[in-house]
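Visitor: With the sequence up front, the predicted model follows.
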Amino acid sequence: MEVSQIVFLILTVTLLGAAALVVTTKNLFHAALYLIVSFFSVAGMYVLLEAGFFAAAQLLVYIGAISILFIFAVMLTRGTALITPLNSQAGAVGVMSAIMFAILAVFLWPAPIRLQEVILGGFRLLRGGTYGGEPWQFVPNNADTAAVVNNATLRLGAALGDFAQYGALLLLSGALLLVGVIGSIWVARERKIADTRADRSEAAADARHEAQLESEAEAREAAALPAGAHAASVEGQH
Amino acid sequence: MDAIFDSINNLVKIIGDAIAGLVGSLLPHPISDIVVMALGTLAIFIVVLTLCAGLTYLERKLVARIQDRIGPNMAGPKGLLLPIADAIKLFTKELTTPAAADKWVYNLAPIIVMVFAVLTYAVVPFAPDVIGTNLNIGVFYIIAIGSASTIAILMAGWGSRNKFSLLGAFRTVAQLIGYEVPMLLNLIPIIMLTGSMSLVDIVERQWNTGVPFLIYFPLSALCFLISGLAETGRSPVDLLEAESEIVAGFHVEYSGMKFGLIMIGEYANSLAIAVVFVSLFLGGYRGPILPPYLWLLIKTLLVFFGFMWLRGTLPRVRIDQLLNMNWKFLVPISVVHILLIMFEGKLFVTDPARIAATGGILVPVLLQAVIMGGTSIGLLLGGLLLAGRSVRGERLQHDADMTARRTANQKAAMALVK
């Protein structure tokens, strides 16, 4: 057994185990942490496939941003200590998953290696090789692996910049993100008190309430204090 | 003379090869590789740890000097043995775990802080050919590791089950995630000019052209320093652990060596920022006459001295000021900077081969550097001017609001009196 195969097995076991724990653990925060472990394993897979750029992107985007948003949301919600991961649809979901798994198993059973070949072939294509080829080969037998990987990053850049390939999609997704950012700024913008009709009526009610409270307080003060002392206290306040 | 310097320069390489050969002869092939890598990691770990221990002493002395105190002076001559005394103290203290803490998360967090701190050094070149691993995505890797290390602080903050820790963790998210953006944006000009993300390539390009990137992109250097300080939570922006507001932030509940790990991890992180800054903007290990290790050490210590100076001088920034500076100043100015540099990079070309391919004006390297540096400084000044104006406008508006409110109150009071 090669070292890369051992590492692959360790990563796979970690990935599947962590993924299973994500959906079974009762503690939401722990579930998010297990999700991070599984993301790490995926990044490890990328490293094993000599796709360093994707590994770093996985680290940056999935662990550095998305998981942290999950954890932040968990921290901000109350009573998340122990929640059962099952709800009323759990049975139906379980049955559907079993059916999907059965279908996949039936299609893939005659050639269990083929799935791997598909994945590896895809990466080989990205590296400039040909689709297909021998399975269970993680590290290319190329002395100059750095050049190969560099080539993969360059090819990714070229594919993203080329309008015949993914250039238009890249621009579209950029526009989508921009709209998202503008929308979130619009939602979270600083509002004047009487900005919307609802706000206005609410503010009016608040103002009336405050005025009432104030006048009551003043009436009490006026009753308790002689006129001169009252004036002095008001002067002192301002 | 050259031979001596070469042998000094190659010292680490020679020792490393000797150890690798020894291990290779003792152990079978795949295991020996793993052992050699582990030994290399250990070497980096020890160097970083020793440097950090020495720097804590220097920092305390220096900050004391700035604040007109004597500083540590009890342990050993001039307090020189203080780091050792500190280490003994931390090791012998009791390791407490709060009863309500999330045990696994709480205890794992310091370890993860330390692991991420050491991981950064994997791609930093210490001398020609002396580098953990020359990744072709080195700079991107550093950013990715920095962004993932936020997890450790979140784990510490949540696992302690303490509201101050949790507040520290919330601030972490706002600050660290926010400041990743300008950090990444300010690397892009360098990557565009070098055409590579490897730190070795970046250092070598500065040596080959003779112009460090600090002259090309002073704005980027400034933004990178600010966001680096914010990323590692060092003093003018140490809101994660602001003592006067949230006790000690995310590490309130840690004691003994758990606290020691977190502290040294953070220290190693800021040292890493200094080393990366030196590699990116000051030419890294390259320099005339002196051997590379010494150059790297001198430059890094100079940058770190700047960090200490800032810590001793500036008061803590408020959280809203910090976030405003990031999103309203650093990010927009960095984006405009990238656009301008992109344009200039196409227009003023130093390589005759590229003129034939894409066109442009052929200029010497120094002129290109001066043009880009001038743009950078001009943009910085313009941005500061605009920001200053808008801030002054806001302040005037605020003052006017307050005056109006005061007048209204006075009128109401007078009405009451009557």
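Guide: Happy to help now that I have it.

Visitor: Chain A: helices as residue ranges?
Guide: A:3-24, A:28-48, A:52-57, A:68-76, A:90-108, A:114-126, A:145-161, A:167-187, A:197-224, A:227-237 (DSSP state H).

Visitor: Could you give the number of residues near the closest residue to residue B:346 other than its chain neighbours?
Guide: Once flanking residues are discounted, residue B:346 sits nearest to residue B:360: 6.1 Å by Cβ to Cβ, 6 or more residues apart in numbering or on different chains. Just so you know, the C-beta spots here come from the backbone N, C-alpha and C atoms, and that holds for glycine as well. When neighbours are defined as other Cβ atoms under 10 Å in any protein chain shown, residue B:360 has 16 of them.

Visitor: Out of the helices of chain A, which is the most enclosed?
Guide: Of all the helices of chain A, helix A:52-57 carries the top mean neighbour count, a mean of 22, counting by mean count of other Cβ atoms under 10 Å in any protein chain shown.

Visitor: if you average pLDDT over that helix, what comes out?
Guide: Mean per-residue pLDDT for helix A:52-57: 84.

Visitor: Now distance to residue B:264 too, for the helices of chain A, in CSV please.
Guide: Shown next, in CSV, are those (distance: least, Cβ to Cβ, whole Å):
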stretch, distance to residue B:264
helix A:3-24, 28
helix A:28-48, 23
helix A:52-57, 25
helix A:68-76, 23
helix A:90-108, 46
helix A:114-126, 39
helix A:145-161, 33
helix A:167-187, 38
helix A:197-224, 51
helix A:227-237, 53
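
Visitor: Worst mean pLDDT among those?
Guide: Per-stretch mean pLDDT for the helices of chain A is lowest at helix A:227-237 (a mean of 48).

Visitor: To residue B:189, which of the helices of chain A lies closest?
Guide: Among the helices of chain A, helix A:145-161 comes nearest to residue B:189, with 16.7 Å by Cβ to Cβ.

Visitor: what residues are up against the residue in chain A that chain B sits nearest to?
Guide: In chain A, no residue comes nearer to chain B than residue A:64, which is 2.9 Å away by Cβ to the nearest Cβ. Contact analysis of residue A:64 by Cβ atoms under 8 Å, 6 or more residues apart in numbering or on different chains lists B:144, B:147, B:148, B:150, B:177, B:180.

Visitor: can you check residue B:310 too?
Guide: For residue B:310, the contacting residues are B:229, B:234, B:235, B:236, by Cβ under 8 Å, 6+ apart.

Visitor: one more time with 6 Å, if that's ok
Guide: Residue B:310 makes contacts with residue B:236, as judged by Cβ atoms under 6 Å, 6 or more residues apart in numbering or on different chains.

Visitor: quick one: it and residue B:275, what's the gap?
Guide: To residue B:275, residue B:310 is 17 Å away according to Cβ to Cβ, to the nearest Å.

Visitor: just to revisit the earlier point, could you check how far the residue of chain A closest to chain B is from residue B:205?
Guide: 28 Å.

Visitor: which parts of the stretch 51-200 of chain B sit against chain A?
Guide: B:135, B:136, B:137, B:140, B:141, B:144, B:147, B:148, B:150, B:154, B:173 (Cβ under 6 Å from any Cβ of the partner chain).

Visitor: Just the closest of the residues you listed to chain A, please.
Guide: For these, the nearest to chain A is residue B:147 (2.9 Å; Cβ to the nearest Cβ).

Visitor: Could you check which helix or strand contains the closest one?
Guide: Assessed by DSSP states H and E, residue B:147 sits inside helix B:138-148.

Visitor: chain center to that helix, what's the gap?
Guide: Taking the mean of its C-alpha atoms, helix B:138-148 sits 11 Å from the chain's own mean (Cα atoms, centre = their mean, to the nearest Å).

Visitor: relative orientation of that helix and helix A:68-76 in degrees?
Guide: Computed by axes from the mean of the first three to the mean of the last three Cα atoms, to 10 degrees, the angle separating helix B:138-148 from helix A:68-76 equals 10 degrees.

Visitor: who does helix B:138-148 touch, helix- and strand-wise?
Guide: In terms of contacts (3 or more Cβ pairs under 6 Å, 6 or more residues apart in numbering or on different chains; DSSP states H and E), helix B:138-148 is packed against helix A:52-57, helix B:103-120, helix B:178-194.

Visitor: Show the average pLDDT along it.
Guide: On average, helix B:138-148 scores 87.

Visitor: So what touches the next helix or strand after that helix?
Guide: Downstream of helix B:138-148, the first helix or strand assigned by DSSP H and E is helix B:150-159. With Cβ under 6 Å, 6+ apart as the test, helix B:150-159 has contacts from A:68, A:71, B:101-102, B:105-106, B:109, B:112-113, B:165-166, B:168-169, B:172, B:176, B:250-251.

Visitor: if you go through the stretch 201-350 of chain B in chain order, where are the strands?
Guide: B:348-349 (DSSP state E, counting those that start in this stretch).

Visitor: Which residue is it, in it, that comes closest to chain A?
Guide: Of all residues in the stretch 201-350 of chain B, residue B:327 sits closest to chain A, at 9.9 Å by Cβ to the nearest Cβ.

Visitor: Look up the closest residue to that residue, ignoring the ones flanking it.
Guide: Excluding the flanking residues, the one nearest residue B:327 by Cβ to Cβ, 6+ apart is residue B:178, at 6.7 Å.

Visitor: you'd agree that neighbour is up against residue B:328?
Guide: No: counting by Cβ atoms under 6 Å, residue B:178 stays clear of residue B:328, with 11.2 Å between them.

Visitor: Between these two, tell me which one has more neighbours.
Guide: residue B:178 (19 against 13).

Visitor: any idea how far chain A is from the more buried one?
Guide: 11 Å (Cβ to the nearest Cβ, to the nearest Å).

Visitor: ditto for residue B:120
Guide: For residue B:120 relative to chain A (Cβ to the nearest Cβ), the value is 12 Å.

Visitor: Export only the CA atoms of the helix or strand containing residue B:14, formatted as PDB.
Guide: According to DSSP H and E, residue B:14 maps onto helix B:11-26. C-alpha atoms of helix B:11-26 as PDB (Å, rounded to 0.1, in the frame of the first residue of the first chain):
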ATOM      1  CA  LEU B  11      24.400  25.600   7.100                       C
ATOM      2  CA  VAL B  12      20.800  24.700   7.700                       C
ATOM      3  CA  LYS B  13      20.700  22.900   4.300                       C
ATOM      4  CA  ILE B  14      23.800  20.900   5.100                       C
ATOM      5  CA  ILE B  15      22.500  19.900   8.600                       C
ATOM      6  CA  GLY B  16      19.100  19.100   7.100                       C
ATOM      7  CA  ASP B  17      20.600  16.900   4.400                       C
ATOM      8  CA  ALA B  18      22.800  15.100   7.000                       C
ATOM      9  CA  ILE B  19      19.800  14.400   9.200                       C
ATOM     10  CA  ALA B  20      17.600  13.300   6.300                       C
ATOM     11  CA  GLY B  21      20.400  11.000   5.100                       C
ATOM     12  CA  LEU B  22      20.800   9.500   8.600                       C
ATOM     13  CA  VAL B  23      17.100   8.900   9.000                       C
ATOM     14  CA  GLY B  24      16.800   7.600   5.500                       C
ATOM     15  CA  SER B  25      19.500   5.000   6.200                       C
ATOM     16  CA  LEU B  26      17.900   3.900   9.500                       C
END
